[in-house]
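# fold the following and give me the result.
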Amino acid sequence: MRKSVLSASLLALTVAIAPACASKKFVRTEVGGVNTKVDTLSGTVEETQERTRKNEERIGAVDTKAEAAGRAASDAKSAADAAANAAKAADTRVTTVNTRVEAAEAAARKLVYEVTLSEDQGNFKFGKTDLPDEAKMRLDQVVGTLKADPKAIWIEIEGHTDNVGDKTTNERIGMQRAESVKKYLYMQHQIPLHKINVISYGEDKPVSPNNTRQGRAQNRRVVVRVLS
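Numbers count the residues shown, from 1 in each chain. Predicted structure coming up:
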């Protein structure tokens, strides 16, 4: 009887202890899994931090290069601006020198021949710019004289008008008359264009009063000067 009671007690104790053992094993298993996950996560965080550090180093290097490139570009622009200013100053000096040389040459030139083509001599008519036959004949005579005494020459052609009409129109007509003479000398007699200079004075340089028909006819003219 006593053996039966003892056996029953041992059985009850075993049944009571068994679940507790099972619970501890489960807890150890779960804790182990969590620890593994924590270790894995820690490793991932460390890798991420390392990649971040390397990326920051590369970004820093790129920023340094960009700053250096920016400084180089700024220096290059400053050098280019300085070169452009120097070139502009040189061009200005050259232009000034050329102007002085041209002025000196013009002052040193001598008048060889001069002819005036005006309406009162049967040449340019009122408001017209076409070169009349009478004017062509006189120009032919001038060129014939030059060929008889060949030398280095320059030709200046001035276009003039009377004061009828507005100033701008008269300047345009004066230039067109001068250009028609220049074209004839080049096309008919092959005088080089670089030796011919044209200018229009419009109504600014009358040779006679503009209050008479004859005076206005004399003012509508082209003056051709041959210089050596």
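# domain parsing for this structure?
1-108, 110-227 (automatic domain parsing).
# looking at these, which one has the lowest mean pLDDT?
Of all the domains of the chain, the minimum mean pLDDT falls on domain 1-108 (a mean of 66).
# what helix or strand is Asn210 on?
Taking DSSP states H and E as the definition, Asn210 sits outside all helices and strands.
# just checking, it touches Asn163?
Yes. Counting by C-beta atoms under 8 Å, Asn163 is a contact partner of Asn210 at 4.5 Å. Just so you know, the C-beta spots here come from the backbone N, C-alpha and C atoms, and that holds for glycine as well.
# how about Gly165, secondary structure?
coil (DSSP: H, G, I helix; E, B strand; the rest coil).
# can you give me phi and psi for it?
Main-chain dihedrals, Gly165, degrees, to the nearest 10: phi 100, psi 180.
# and for Val223?
phi -110, psi 130.
# now it. Nearest residue, chain neighbours left out?
Glu158 (4.3 Å; C-beta to C-beta, 6 or more residues apart in numbering).
# for the one you found, phi and psi?
Dihedral angles for Glu158 - degrees, to the nearest 10 - are phi -110, psi 130.
# ok, now how distant is the closest residue to Arg216 other than its chain neighbours from Arg138?
Nearest residue to Arg216, sequence neighbours excluded (C-beta to C-beta, 6+ apart): Asp162, at 3.8 Å. Separation of Asp162 from Arg138 (C-beta to C-beta, to the nearest Å) stands at 21 Å.
# the more surrounded of these two?
Asp162 (23 against 17; other C-beta atoms under 10 Å).
# tell me the SS of that one?
Quick answer, by three-state DSSP: Asp162 is coil.
# just checking, it touches Arg220?
Yes. The pair formed by Asp162 and Arg220 meets the contact definition of C-beta under 8 Å, at 5.4 Å.
# so where do the strands sit in the protein?
111-118, 154-160, 196-202, 221-227 (DSSP state E).
# now the helices for the protein?
2-108, 133-148, 167-189, 213-219 (DSSP state H).
# would you mind writing the CA trace of the third one as PDB?
Listed in PDB are the C-alpha atoms of helix 167-189, where the atom choice follows Å, rounded to 0.1, in the frame of the first residue of the first chain:
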ATOM      1  CA  LYS A 167      18.400 116.600 -95.400                       C
ATOM      2  CA  THR A 168      18.400 112.800 -95.100                       C
ATOM      3  CA  THR A 169      17.100 112.400 -98.700                       C
ATOM      4  CA  ASN A 170      19.700 114.800-100.000                       C
ATOM      5  CA  GLU A 171      22.500 112.900 -98.300                       C
ATOM      6  CA  ARG A 172      21.200 109.700 -99.900                       C
ATOM      7  CA  ILE A 173      21.000 111.300-103.400                       C
ATOM      8  CA  GLY A 174      24.400 112.800-103.000                       C
ATOM      9  CA  MET A 175      25.900 109.400-102.200                       C
ATOM     10  CA  GLN A 176      24.100 107.600-105.000                       C
ATOM     11  CA  ARG A 177      25.500 110.200-107.500                       C
ATOM     12  CA  ALA A 178      29.000 109.700-106.200                       C
ATOM     13  CA  GLU A 179      28.600 105.900-106.300                       C
ATOM     14  CA  SER A 180      27.400 106.100-109.900                       C
ATOM     15  CA  VAL A 181      30.700 107.800-110.900                       C
ATOM     16  CA  LYS A 182      32.700 105.300-108.900                       C
ATOM     17  CA  LYS A 183      30.900 102.400-110.700                       C
ATOM     18  CA  TYR A 184      31.600 103.900-114.100                       C
ATOM     19  CA  LEU A 185      35.300 104.400-113.400                       C
ATOM     20  CA  TYR A 186      35.600 100.800-112.300                       C
ATOM     21  CA  MET A 187      33.400  99.100-114.900                       C
ATOM     22  CA  GLN A 188      34.500 101.200-117.900                       C
ATOM     23  CA  HIS A 189      38.100 102.000-117.100                       C
END
